[in-house]
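Asks: pasting the sequence and the predicted coordinates here, then a few questions.
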Amino acid sequence: MNLDKSPALLLRFSISASYLSAVADRFGLWGESTSKFVVWGNMQNFLDYTQHLNFWLSRPISDFLGFAATAAEIAIGISLIIGYRLRMASFCSFLLLCAFGLSMSITDGLKAPLDYNVFTACFASLLLFSLQPIRRKYDYS
């Protein structure tokens, strides 16, 4: 294993695992909402929290954002694992986590995203983005 690339690889896998674990929780794969260590347990609980964070939006728009965030988390998680479009995936991760952290801060105060390490993951995604080489359109090397 190339030790120079190990930190980026571990960062990719840890961010991906966080996304996919949260999605699995929403689909009830970690257990029911009443189970120990389960946050959501089902999609409805997550959509309720999405509405809480986006209280100024109508419920249909908030639900759309909840499903869109879930789809983005699945796409980003898989992309980071398989190494597909890593710059784009890591930058999208940064943007998604920024939006989530800001929404949590506005609605529940700054302590909420700090307790869940949202900004740590956000800037870890930005670091991962900066570690990826820029591919030129006609760079075949």
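Replies: Right, received. Where do you want to start?

Asks: the chain: strands as residue ranges?
Replies: Secondary structure of the chain by DSSP state E: no strands are present.

Asks: please name the nearest non-neighbouring residue to Phe37.
Replies: Closest residue to Phe37 apart from its sequence neighbours, by C-beta to C-beta, 6 or more residues apart in numbering: Trp30 at 7.3 Å. To be clear about C-beta, it is placed using only N, CA and C from the backbone, and glycine gets the same treatment.

Asks: typo on my end, it should be Glu32
Replies: Closest residue in space to Glu32, ignoring its immediate chain neighbours: Gly41 at 4.9 Å, by C-beta to C-beta, 6+ apart.

Asks: distance of that neighbour relative to Leu97?
Replies: Gly41 sits 22 Å away from Leu97, going by C-beta to C-beta, to the nearest Å.

Asks: also Leu128?
Replies: On the measure of C-beta to C-beta, Leu128 and Leu97 end up 12 Å apart.

Asks: same check on Ser35?
Replies: Distance, Ser35 to Leu97, using C-beta to C-beta: 26 Å.

Asks: quick one, which of the two is more surrounded?
Replies: Neighbour totals were compared for Ser35 and Leu97, and Leu97 leads with 26 against 10 (other C-beta atoms under 10 Å).

Asks: for the more buried one, which non-adjacent residue is closest in space?
Replies: In space, and not counting its chain neighbours, Leu97 is closest to Cys122: 3.7 Å by C-beta to C-beta, 6+ apart.

Asks: before we move on, the earlier item: who are the contact partners of the residue nearest to Glu32?
Replies: Gly41 sits next to 25, 28, 30-35 when contact means C-beta atoms under 8 Å, 6 or more residues apart in numbering.

Asks: separation between it and Gly66?
Replies: 15 Å.

Asks: then Gly109?
Replies: 21 Å.

Asks: and the helices in the chain?
Replies: With DSSP state H, the ranges of helices along the chain come out as 6-26, 43-53, 59-82, 86-108, 111-115, 118-131.

Asks: now mean pLDDT too, for those, in JSON lines please.
Replies: Shown next, in JSON lines, are these (pLDDT from 0 to 100):
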{"stretch": "helix 6-26", "mean pLDDT": "95"}
{"stretch": "helix 43-53", "mean pLDDT": "97"}
{"stretch": "helix 59-82", "mean pLDDT": "98"}
{"stretch": "helix 86-108", "mean pLDDT": "97"}
{"stretch": "helix 111-115", "mean pLDDT": "95"}
{"stretch": "helix 118-131", "mean pLDDT": "96"}
